[in-house]
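Chemist: Build me a model:
(4 chains)
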Number of protein chains: 2
Amino acid sequence: MEKESLSAQCPVDYAFQRIGGKYKGRILWLLSRGTIRYGEMRRYLVNVSPKMLTQALRELERDELICRKVYQEVPPRVEYSLSASGSLLVPFITQLNDWACELMDKNQIPAFRPRK
Amino acid sequence: MEKESLSAQCPVDYAFQRIGGKYKGRILWLLSRGTIRYGEMRRYLVNVSPKMLTQALRELERDELICRKVYQEVPPRVEYSLSASGSLLVPFITQLNDWACELMDKNQIPAFRPRK
DNA sequence: CAGCATCCCATACGATACTG
DNA sequence: CAGTATCGTATGGGATGCTG
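Modeler: Below is the predicted model of the structure:
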């Protein structure tokens, strides 16, 4: 359908296309704490099916925000981490987190904050 | 459906629920430059139908990120601007914009940046 | 001018089961 | 362990036309 040819676009839009979506924010936030295995992500990200998690991870990898490292072992081990480009987003996500925390406090919404 | 009762959630997720979506980024970016009328927004935000624009604006208003001011005139005039809470987002939308600009440069993607 | 209503379609998302 | 495959639902979004 070559909508790709209409590629002139707003940078903010471009950014949101990469970090938007239902789970990418949480995934990046999780990865900002360091390298993590697939199964461990699953335990942190409750209510995310493997299908959706994998899909989001593949998109993030395709856009070069994260790195995927496969260890040729049995049982298999796959580790995810932020790429250089993705790491540049950390300050942004941290600020966003702080902003939301204040809002949630003010609105008295119980926040679930993943422990270290 | 009372999914609202499951309101304990991750702050980053909470934030993305408010500023995510296909057009909210561009809208906030536009509003960060100052108060603007509905019709003028439409001219800036190409390829956004009135339905979707209005829907996004209503959600932003409900979440108190923007202010909507109606002037009782004929013809009608409606102005949108950032709220106090929404204004706090400006620094990191700017960061996001800068991040994306670098990426687009590197990937040689022609960026459309709205003029002042 | 600033929208709302209606209809319709695409895709995002979800549940479950299975595999190298 | 780290995913696929398959199917079904729900939401997001577009086109068009109408209104105070």
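Chemist: Briefly note if the top helix by length along chain A comes near chain B.
Modeler: Identified as the longest helix of chain A according to DSSP state H is helix A:90-106. Yes: judged by C-beta under 8 Å from any C-beta of the partner chain, helix A:90-106 comes into contact with chain B at A:91-93, A:95-97, A:99-101, A:103-104. C-betas here are computed from N, CA, C, even on glycine.
Chemist: where does the residue of chain A found nearest DNA strand C fall, helix, sheet strand or coil?
Modeler: Closest residue of chain A to DNA strand C, C-beta to the nearest atom of the strand: A:Lys22 (3.5 Å). Look at A:Lys22: counting by DSSP: H, G, I helix; E, B strand; the rest coil, its state is coil.
Chemist: Tell me the spacing between it and B:Tyr44.
Modeler: Using C-beta to C-beta, to the nearest Å, A:Lys22 is found at 27 Å from B:Tyr44.
Chemist: how many other residues sit next to A:Thr54?
Modeler: Number of residues near A:Thr54 (other C-beta atoms under 10 Å in any protein chain shown) recorded here: 12.
Chemist: Show me what counts as buried in the host helix or strand of it.
Modeler: For A:Thr54, the host element (DSSP states H and E) is helix A:50-62. For helix A:50-62, the buried set under the neighbour-count rule, 16 or more other C-beta atoms under 10 Å in any protein chain shown, comprises A:53, A:56-57, A:60.
Chemist: filter these by proximity to DNA strand D?
Modeler: Near DNA strand D, judged by C-beta under 7 Å from any atom of the strand, the entries from the buried residues of helix A:50-62 are A:Leu57.
Chemist: How about the residues of chain A by DNA strand D?
Modeler: Contact residues, chain A versus DNA strand D (C-beta under 7 Å from any atom of the strand): A:37-40, A:50-51, A:54, A:57-58, A:68, A:75-78.
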